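need a structure here:
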Amino acid sequence: MIHRIIKKLKFIRDQLLEEYFIPIDKSKIRRTKNLLLVPSLRYRRGGKIAYIEWGHVIGIFQTIIGQVLNQKTGQRILDVGCGTGLLGIASESYVSEGGKYIGIDVIKENIDICKKIYQSPYYEFIHVEAHNEMYTPNSYQKQKSWPFADESFDLVTALSVWTHFGSQDAQFYIKEVDRVLKPKSKAIITFFYLNENYTQSLADRNQELGKFNRSPKDLWIFDKKFEDSDDWLTPKWTNVPEEAIGITKKGLDSILAQTSLSLSTIYNGSWKERPGAYFQDIIILTKNG
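Residues are numbered from 1 along each chain as shown. So this is what the prediction gives:
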């Protein structure tokens, strides 16, 4: 009880400090105007909540989005698992001049927050109900197609979504990505990708256990089968497997084999204790056609 009270007081303290700091910091923005959209602390969700980290990650994905889009304005972007709008901010300049950013999420509170804080006519947010043991364990809605026409988007993004999918959900929703993408368009999806880069890092990371008070949770070792599969694995420390699911090269190849998507670029993640563009692996998929 005391621990919860202390935690609540610290959060209130942080909110009060940010009320003074963020307006001052935002007043200094000169060239990256979309960062003015970064919401206050109470609205930031996910594995990153610090104002500076939101700005950092927005910059990473704004750059990658710009690299993969065929055109730079008027684009239609679907963001799967939009949370409270981080990739919406990264997409802002690309959907101007007649485009549209549509964020979907299984958590209704996230969608309500987005509708409240992002008022641009280029933004739209939709609650899509679906079951996930990590985020929506009480939902009985299983896999459901997204409410969008075939070949209606220039880009699909998904930040930390497939990292919570087992094989069936991963397969179903990668087919949805394939369905809604226009030919020759791309998807940016993050994974815990258990490729050679991961395998090569295992020896170093296993040696780190017990050193410098580092725990297995710090080192992201995927050492437990999920769904009795050799290609979908989870760390032993997870409370539910969907908290963090890794996929092998064979697993990724298997879900792509039933689509017209092909892997074009990999940015290995820093979670493997190697330098990386972002914490998770960023994988770029291209729709053939």
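
which residues touch Ser160?
Ser160 sits next to Gly46, Gly47, Gly81, Thr190, Gln280 when contact means Cβ atoms under 8 Å, 6 or more residues apart in numbering. All C-beta atoms are positioned from the backbone trio N, CA, C, and that covers glycine.

same thing but 6 Å
With contact set as Cβ atoms under 6 Å, 6 or more residues apart in numbering, Ser160 has these partners: Thr190.

phi, psi for it please.
The phi and psi torsions at Ser160 (degrees, to the nearest 10) take the values phi 60, psi 50.

next one: the one 5 residues further on
In this entry, Phe165 is assigned phi and psi values of phi -110, psi 140 (degrees, to the nearest 10).

look at it and report its pLDDT.
Model confidence at Phe165, given as pLDDT, is 97.

what's around it, how many residues?
Close neighbours of Phe165, defined as other Cβ atoms under 10 Å, add up to 23.

leaving aside the residues adjacent along the chain, what's closest to it?
Leaving out its chain neighbours, the residue that sits closest to Phe165 by Cβ to Cβ, 6 or more residues apart in numbering is Ile245, at 6.3 Å.

tell me the contacts of that neighbour?
Applying Cβ under 6 Å, 6+ apart to Ile245 gives the contacts Thr163, Phe226, Trp232, Thr234.

which elements pack onto the longest helix that the chain contains?
Residue-count comparison of every helix in the chain, with assignments taken from DSSP state H, identifies helix 2-26 as the longest. Helix 2-26 sits against no helix or strand, with contacts defined as 3 or more Cβ pairs under 6 Å, 6 or more residues apart in numbering; DSSP states H and E.

that one: how far from the chain's middle?
Using Cα atoms, centre = their mean, to the nearest Å, the distance from the centre of helix 2-26 to the centre of the chain it belongs to is 25 Å.

what do you get for stretch 101-111?
For stretch 101-111, the distance to the chain centre is 12 Å (Cα atoms, centre = their mean).

show me what counts as buried in that stretch.
Of the residues in stretch 101-111, those with enough neighbours to count as buried (16 or more other Cβ atoms under 10 Å) are Tyr101, Ile102, Gly103, Ile104, Asp105, Val106, Ile107, Asn110, Ile111.

pretty sure the third one contacts Asp79?
So that's Gly103. Yes: taking contact to mean Cβ atoms under 6 Å, the distance of 4.5 Å between Gly103 and Asp79 places them in contact.

other residues contacting stretch 14-22?
Residues from elsewhere that reach stretch 14-22, judged by Cβ under 6 Å, 6+ apart: Leu41.

now the angle between helix 2-26 and the helix or strand containing Thr63, please.
Counting by DSSP states H and E, the element that carries Thr63 is helix 51-68. Using axes from the mean of the first three to the mean of the last three Cα atoms, to 10 degrees, the direction of helix 51-68 lies 60 degrees away from that of helix 2-26.

thanks a lot, see you next time.
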